[in-house]
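K.L.:
Based on what follows, work out the 3D shape:
(2 chains)
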Amino acid sequence: MDWLTYLVLPLIKIAIAIGSLLLGVMMMVLAERRVSAWLQDRHGPNRVGWHGMMQPMADGLKFIFKEDLIPGHVDKPIYLLAPLVILVPALMTWAVVPFGTTDPTQVPTLFGQPFKFQLSDLNIGILYILAITSLGVYGVVLGAWASNNKYSLLGGLRAAAQMISYELSLGLSLIGVLMISGSLKFSVIVAQQTDIWDWNIFRQFPAFLVFTIASFAETNRAPFDLAEAEQELVGGYHTEYSSLKFAIFFMAEYLHMIVGSAVNVSLFLGGWHLFGIENIHWAFSILIFCAKVTLFLFFYIWVRWTLPRFRYDQLMMLGWKVLLPIALINIVGTAIILAF
Amino acid sequence: MFGAILWFAFPINKPGDTLLQNALFFVLGGVVVISALCVIYFRNPIYSALALVTALFAVAGLFIILEAYFVAAVQVIVYAGAIMVLFLFVIMLLNLGDEESLEDRLSWAKRVAVVIASLFFAEVFYITIKLVGSVNAPKVTSGQPVGDPKTIGELLFTKFLLPFEVASLILLAALIGVITLVHRRSDERSHTSSDT
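P.N.:
Residues are numbered from 1 along each chain as shown, chains lettered A, B, ... in the order given. The predicted structure follows:
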């Protein structure tokens, strides 16, 4: 039975997780276009399938059938490596997020084994997230450098500076959550947020604020999309990429958004809990989690189509002079409250 | 081949060894050795930096085999995630690429480097030969893994408090030093620009 628990079950879980993530990316691409159209009083793509539901399929097919162009002036090995380097960490982050109930008495059984809705409950869960997200910048920087194009390089350098700056606030904001929960494990952190007033958004509001803003910056989304500011840098780091390789960069951005929302929901918005109901059925727990993530993703799109882009000096000032002090004060404040 | 070399050099006697752990150790050890060699032999600084990232990753993998997850995560966060990104950043910003002139300038340094490197290698070799077989890995007594964040945190704030604080002071000194240097230079620049 060993090989079953160690090999087959994890593989099934990984397949489900990656499959649903990629499905989520497809839905997100459509949602972005439809919601942006709605916010701008347009219709958006609604011709392909019911309410444009098949539009992502059409987009994907178009990407596949485009000519796969590799410009002559690029550094070929790194140019080919960069899309993979950006995609893999985006997928890997999902490994520690509990996307449904992990209570052993509630989960269904498969082959006589409990089927927990989490790939791996590492005892360093939060640190794992920080470690993997800190690698996301490599894909951007390498793609930018290998393209051998000044606009790409500028975009890549901007992305590197931005991501390093905001990673600090991201990590420091989580320390408050960590101090309250006393554990790095996601299952423990989510289990402590059963009741709605125990959600970390209420107990750690400054941390939630800093984490949300910093995760926007980490995903290079507007208003922090200086790395690909199209009015200044053509397309930024992916200017020289075409066909499926561009699609991978595009997918990675949406993957980062989905995973970032999922982490945010798990850490601050109670994960798969709602209204303090204990012993919830596993199917409902997954539904609740998905609903929360969807709401948060809508927030992402809403912000992108509402706020204008920051200037570079404003971006750096916000990161170093606003978010970092807030995160530090939050740590000290939480420590004082916990001590007394 | 590298696996075989490592096998003779470092026969590990860890309790609870399994076949998978051993196999992973040799794969990751091989990756460490090969990528460390690549760091030296690649002519392009970007490729060298990337090889170093690979080596650091494989070392993190070795920590995971030893069930020191915390150390592995810190290794990735600090080295691969922060320091190497800055390295890449600087290399790209300076656009290093003129290796030929670099070679001319460093021809005398090469001879010195060979002497120092062989001394260092002899020292490491001597210590390894002397210690192999005499040092046993500390045995895991309870269910608590060695690299547990709680254990490490407790040790850092009790037993190793002084070294920990000293190390942080050294880092702080380096930080302040950099800021002072940059500050002075920008002051001078502003003076000269106001003069002209």
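K.L.:
When you work out contacts or count neighbours from here on, use the C-alpha atoms and nothing else.
P.N.:
Fine.
K.L.:
Count the residues that sit near B:Glu154.
P.N.:
12 (other Cα atoms under 10 Å in any protein chain shown).
K.L.:
same question but for A:His73, I mixed them up
P.N.:
Neighbour tally, A:His73, other Cα under 10 Å: 10.
K.L.:
Let me know the helix or strand that B:Val88 is in.
P.N.:
Actually, residue B:88 is Leu. It isn't Val. In this assignment (DSSP states H and E), B:Leu88 forms part of helix B:84-94.
K.L.:
didn't A:Glu240 look like it was pressed against A:Lys150?
P.N.:
No - look at A:Glu240 against A:Lys150 with Cα atoms under 8 Å: they stay out of range, at 10.8 Å.
K.L.:
Up against chain B, what does the stretch 101-250 of chain A have?
P.N.:
A:123-124, A:127-128, A:130-132, A:134-135, A:137-138, A:145, A:157, A:160, A:164 (Cα under 8 Å from any Cα of the partner chain).
K.L.:
returning to what we had before: comparing A:Glu240 and A:Lys150, which residue is more hemmed in?
P.N.:
A:Glu240 (23 against 14).
K.L.:
if I've got this straight, that one is in a helix?
P.N.:
No - with DSSP: H, G, I helix; E, B strand; the rest coil as the criterion, A:Glu240 is assigned coil and is not in a helix.
K.L.:
Next up, the contacts around A:Ser30.
P.N.:
In this structure residue A:30 is Leu, not Ser. Applying Cα atoms under 8 Å, 6 or more residues apart in numbering or on different chains, we find A:Leu30 in contact with A:52-53, A:55-56.
K.L.:
same thing but 6 Å
P.N.:
Under the criterion of Cα atoms under 6 Å, 6 or more residues apart in numbering or on different chains, A:Leu30 has no neighbours.
K.L.:
and what of A:Ala95?
P.N.:
Per Cα under 6 Å, 6+ apart, neighbours of A:Ala95: A:119-120.
K.L.:
Please, which helix or strand holds the closest residue to B:Tyr41 other than its chain neighbours?
P.N.:
Closest residue in space to B:Tyr41, ignoring its immediate chain neighbours: B:Ser48 at 7.8 Å, by Cα to Cα, 6 or more residues apart in numbering or on different chains. Using DSSP H and E, B:Ser48 maps to helix B:45-65.
K.L.:
Quick check: next helix or strand after that helix?
P.N.:
helix B:69-75.
K.L.:
What are the boundaries of the helices in the stretch 1-150 of chain A?
P.N.:
Using DSSP state H, counting those that start in this stretch, the helices of the stretch 1-150 of chain A run over residues A:2-3, A:9-39, A:55-65, A:76-92, A:125-133, A:136-146, A:150-181.
K.L.:
Quick check, pLDDT for residue 24.
P.N.:
No chain was given, so I picked chain A. You'll see A:Gly24 listed with a pLDDT of 88.
K.L.:
To clarify, I was referring to chain B.
P.N.:
83.
K.L.:
What about it, how many residues nearby?
P.N.:
With other Cα under 10 Å as criterion, B:Leu24 counts 15.
K.L.:
Setting the sequence-adjacent residues aside, check what's closest to it.
P.N.:
B:Ile65 (7.6 Å).
K.L.:
What separation do you get for that neighbour and chain A?
P.N.:
14 Å (Cα to the nearest Cα, to the nearest Å).
K.L.:
And for that residue, the neighbour number?
P.N.:
So B:Ile65, with other Cα under 10 Å, has 18 neighbours.
K.L.:
What residues sit buried inside stretch A:214-233?
P.N.:
A:214-229, A:233 (16 or more other Cα atoms under 10 Å in any protein chain shown).
K.L.:
what sits up against that stretch?
P.N.:
For stretch A:214-233, using Cα under 6 Å, 6+ apart, the contacting residues are A:151, A:155, A:158-159, A:163, A:166, A:170, A:235-236, A:256, A:304, A:308-310.
K.L.:
let's go with 8 Å and repeat that
P.N.:
By Cα under 8 Å, 6+ apart, stretch A:214-233 touches A:151-152, A:154-159, A:162-163, A:166-167, A:169-170, A:234-238, A:253, A:256-257, A:260, A:300, A:303-305, A:307-310, A:312, A:315, A:319.
K.L.:
Give the PyMOL command for selecting the buried subset of the residues of the stretch 101-250 of chain A next to chain B.
P.N.:
A single PyMOL command selects the buried members of those (16+ other Cα under 10 Å):
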select buried, chain A and resi 123+124+127+128+130+131+132+134+135+137+138+145+157+160+164
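K.L.:
Just flag the most distant two among the residues of the stretch 101-250 of chain A next to chain B.
P.N.:
The largest separation in these, counting by Cα to Cα, is between A:Asn123 and A:Trp145 at 36.2 Å.
K.L.:
got the contact list for the residue nearest the centre of chain B?
P.N.:
Centrality entry for chain B: nearest residue to the mean C-alpha point is B:Leu56, 6.4 Å, by Cα atoms, centre = their mean. By Cα under 8 Å, 6+ apart, B:Leu56 lies in contact with B:32, B:75-76, B:79-80.
K.L.:
and if we set it to 7 Å?
P.N.:
Contacts for B:Leu56 (Cα atoms under 7 Å, 6 or more residues apart in numbering or on different chains) come out as B:Ala80.
K.L.:
could you check the distance from it over to chain A?
P.N.:
Taking Cα to the nearest Cα, one finds B:Leu56 at 13 Å from chain A.
K.L.:
next structured bit after the worst-scoring helix or strand of chain B on mean pLDDT?
P.N.:
In chain B, the helix or strand scored least confidently by mean pLDDT, DSSP states H and E is helix B:2-9, which has a mean of 42. Moving toward the C-terminus from helix B:2-9, the next helix or strand (DSSP H and E) is helix B:19-41.
K.L.:
What is that following helix packed up against?
P.N.:
Helices and strands touching helix B:19-41, as assessed by 3 or more Cα pairs under 7 Å, 6 or more residues apart in numbering or on different chains; DSSP states H and E, comprise helix B:2-9, helix B:45-65.
K.L.:
now it, how far from the centre of its chain.
P.N.:
14 Å (Cα atoms, centre = their mean, to the nearest Å).
K.L.:
Grab the CA positions of that helix and hand them over as CSV.
P.N.:
Output of helix B:19-41 as CSV, limited to C-alpha atoms (Å, rounded to 0.1, in the frame of the first residue of the first chain):
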residue,chain,number,x,y,z
LEU,B,19,17.1,3.9,-0.9
LEU,B,20,15.3,6.9,-2.1
GLN,B,21,17.1,9.3,0.2
ASN,B,22,20.5,7.9,-1.0
ALA,B,23,19.5,8.1,-4.6
LEU,B,24,18.4,11.7,-4.2
PHE,B,25,21.5,12.6,-2.3
PHE,B,26,23.7,11.4,-5.2
VAL,B,27,21.6,13.1,-7.8
LEU,B,28,21.5,16.4,-5.9
GLY,B,29,25.2,16.1,-4.9
GLY,B,30,26.1,15.6,-8.6
VAL,B,31,24.0,18.7,-9.5
VAL,B,32,25.9,20.7,-6.9
VAL,B,33,29.3,19.6,-8.1
ILE,B,34,28.5,20.1,-11.8
SER,B,35,26.8,23.4,-11.4
ALA,B,36,29.6,24.7,-9.1
LEU,B,37,32.1,23.8,-11.9
CYS,B,38,29.9,25.5,-14.4
VAL,B,39,30.1,28.7,-12.3
ILE,B,40,33.8,28.8,-12.9
TYR,B,41,33.9,27.6,-16.4
